[in-house]
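1. pasted the sequence and its predicted model underneath.
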Amino acid sequence: MKNMKYLLLRRVTQIGLLVLYFGANTYGWNILAGTFGSSLLFGTIPLADPYTTLQVLATGFVLGADVLLGALIITFFYFVVGGRAFCAWVCPINMVTDLANWLRRKLNLDKEEVNYRFLKRNARYWIMVLGLIVSAIVGIAAFEVLSPITIMQRGIIFGFGMGFAVVVAIFLFDLFGIKNGWCGHLCPLGATYSLIGKASLIRVNHNHEACTNCMACKVVCPENHVLYMVNKESIMVTDGECTNCGRCIDVCNDDALNFSIRNYFKEK
């Protein structure tokens, strides 16, 4: 099971968090209550999504000190572990898109040359900015109204209605449309966390000496452009778009990839 260690850990984490949210609503558990946008840990520690917080601030609404503290806590946490670790280890939509991308490989539907023709990866950054502008204009957190992440979480806790169609649409989009289409090209949360993760402490490290250029890592990586150094040089993956999912480490039979602590002084 070596080649599934981090994958299994991610699934345990994602499902475990959903169970805690479900238990808080259904059974009154006091471990983790709320939504991914705003939560309370053990009934006292505030946690808040940075992008959701920015949207609410853009509306002109005055937030309490607890919410701002919660946003700072989450920002600092992902600054350490890698911003887009949220995408791979927490976000429930990741389970949907991972399944779609696994099926793409099985059905031989991966055609990267088509993907970048009509939709660039930086589209998510424009959507992130647009979400803040629209929030300021309409007076509500615009992305939260349409967020598939929120829709899926609420669907699991309260039951799916028409929101299930959004989850299915993302699955089909990633399967038959663009590889890693939603998470890698459109999701503004992914864009926000990639900015937070640009200088994060925990990174994937590549050992050129051990690498045999099998490219198994690039096949499974949802953001394989961050692995440009494979079989070229021994450096860390410092790109903020890396999700720190660990799949590249799982499938590397050469042990050329591993998690390591970033050396900021060496980079300078």
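-> Sure, I can see it. Residues are numbered from 1 along each chain as shown.
2. give me the neighbour count for residue 64.
-> 9 (other Cβ atoms under 10 Å). From N, CA and C alone the C-beta is placed, and that goes for glycine too.
3. relative to residue 46, how far out is it?
-> From residue 64 across to residue 46, the span is 9 Å (Cβ to Cβ, to the nearest Å).
4. tell me the secondary structure for residue 205?
-> What DSSP: H, G, I helix; E, B strand; the rest coil gives for residue 205 is strand.
5. make 878 the first number, not 1, from now on.
-> Okay, using 878 as the starting number, the last item reads as residue 1082.
6. quick one: contacts for it?
-> Residues in contact with residue 1082 (Cβ atoms under 8 Å, 6 or more residues apart in numbering) are 1111, 1112, 1113, 1114, 1134, 1135, 1136, 1137.
7. which of these lies closest to residue 1022?
-> Checking these against residue 1022 with Cβ to Cβ, the nearest one is residue 1114 at 34.1 Å.
8. just the pLDDT at the closest one, thanks.
-> Note on residue 1114: pLDDT of 92.
9. from what I can see it touches residue 1083, true?
-> Yes. Using Cβ atoms under 8 Å, residue 1114 is in contact with residue 1083, at 7.0 Å.
10. now the common contact residues for those two.
-> Shared contacts of residue 1114 and residue 1083 (Cβ under 8 Å, 6+ apart): 1104, 1106.
11. returning to what we had before: narrow the contacts of residue 1082 to those in helices?
-> In helices, defined here by DSSP state H, there are no members of the contacts of residue 1082.
12. adding neighbour count and distance to residue 930, write the residues you listed out as JSON lines.
-> Formatted as JSON lines, the contacts of residue 1082 follow (neighbours: other Cβ atoms under 10 Å; distance: Cβ to Cβ, whole Å):
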{"residue": "1111", "neighbour count": "13", "distance to residue 930": "38"}
{"residue": "1112", "neighbour count": "15", "distance to residue 930": "34"}
{"residue": "1113", "neighbour count": "19", "distance to residue 930": "29"}
{"residue": "1114", "neighbour count": "24", "distance to residue 930": "28"}
{"residue": "1134", "neighbour count": "24", "distance to residue 930": "34"}
{"residue": "1135", "neighbour count": "14", "distance to residue 930": "34"}
{"residue": "1136", "neighbour count": "15", "distance to residue 930": "29"}
{"residue": "1137", "neighbour count": "15", "distance to residue 930": "31"}
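13. which one of the residues you listed is nearest residue 1045?
-> Closest approach between the contacts of residue 1082 and residue 1045, by Cβ to Cβ: residue 1114, at 32.2 Å.
14. rewinding a little: between the contacts of residue 1082, which sits nearest residue 1051?
-> Among the contacts of residue 1082, and counting by Cβ to Cβ, the member closest to residue 1051 is residue 1114, at 22.5 Å.
15. list the contacts of the closest one.
-> Counting by Cβ under 8 Å, 6+ apart, residue 1114 touches 1080, 1081, 1082, 1083, 1103, 1104, 1106.
16. helices of the stretch 978-1127 of the chain, start to end?
-> For the stretch 978-1127 of the chain, the helices defined by DSSP state H, counting those that start in this stretch occupy 989-995, 1000-1015, 1019-1023, 1025-1035, 1040-1049, 1058, 1065-1073, 1093-1097, 1124-1128.
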